[in-house]
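> Quick one, structure for this:
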Amino acid sequence: MHFYYIMPYTKEYFEKNKEIIYQRNRESYFKNKEKYNNKRRENYKNKGSRYEQIVKKTWKVANIITFDDTFEKFNNLKNCELCNVEFCAVGGKTVKNKKVLDHCHFSNYARFIICHSCNIKNRKKDNLKMKLHLELYRYFNLK
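Take a look at the predicted model:
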């Protein structure tokens, strides 16, 4: 019986055999594609998973003020709150009906869980509000 110890790739070995390594990894992925995708779907579904940590960190970096139940609501909602279109499945590539947390750009409070296209429409309204507030500020304060 033989035991093999797999050494991590050194930089030199990786540079010499880059194409072979990529090809081997690619073949491994396509052989086990369904297993990889099932694991990813499970990570998305599990509460307290890595997915939850990533989403909450993204909201925190963007300074979005959320409530305690925001993530649970975000995770369980199936349709857009504004246009009622069904969100795409996990791993879907359509951007149009991707799930997004909408927030006010003045107060940074979370408003709705909506699809990407509704978020774009709201962004245009927010930009108009910001321009209006800026003009009012200039008019009254910069005389």
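
> Give the residue spans of the chain that score low on pLDDT.
Counting by pLDDT under 70, the chain shows low-confidence ranges at 1-9, 43-48, 89-95, 143.

> Need the residue closest to the centroid of it.
Centroid-nearest residue in the chain: residue 55, 6.5 Å away (criterion: CA atoms, centre = their mean).

> I figured that residue hits residue 72, correct?
No. Under the criterion of CB atoms under 8 Å, residue 55 makes no contact with residue 72, lying 11.4 Å away. In short, each C-beta sits where N, CA and C put it, glycine included.

> What are the boundaries of the helices in this protein?
Listed in chain order, the helices found in the chain under DSSP state H are 11-16, 18-31, 33-45, 50-61, 70-76, 116-141.

> Out of those helices, the one nearest residue 99 is which?
helix 70-76 (7.0 Å; CB to CB).

> Which strands or helices does the closest one pack on?
Counting contacts by 3 or more CB pairs under 8 Å, 6 or more residues apart in numbering; DSSP states H and E, helix 70-76 is packed against helix 50-61, strand 99-103, strand 110-115.

> List the buried residues in that helix.
For helix 70-76, the buried set under the neighbour-count rule, 16 or more other CB atoms under 10 Å, comprises 70-71, 74-75.

> would a markdown table of the helices of the chain with distance to residue 82 be doable?
Conversion of the helices of the chain to a markdown table gives the following (distance: least, CB to CB, whole Å):
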| stretch | distance to residue 82 |
| --- | --- |
| helix 11-16 | 49 |
| helix 18-31 | 38 |
| helix 33-45 | 23 |
| helix 50-61 | 19 |
| helix 70-76 | 15 |
| helix 116-141 | 5 |
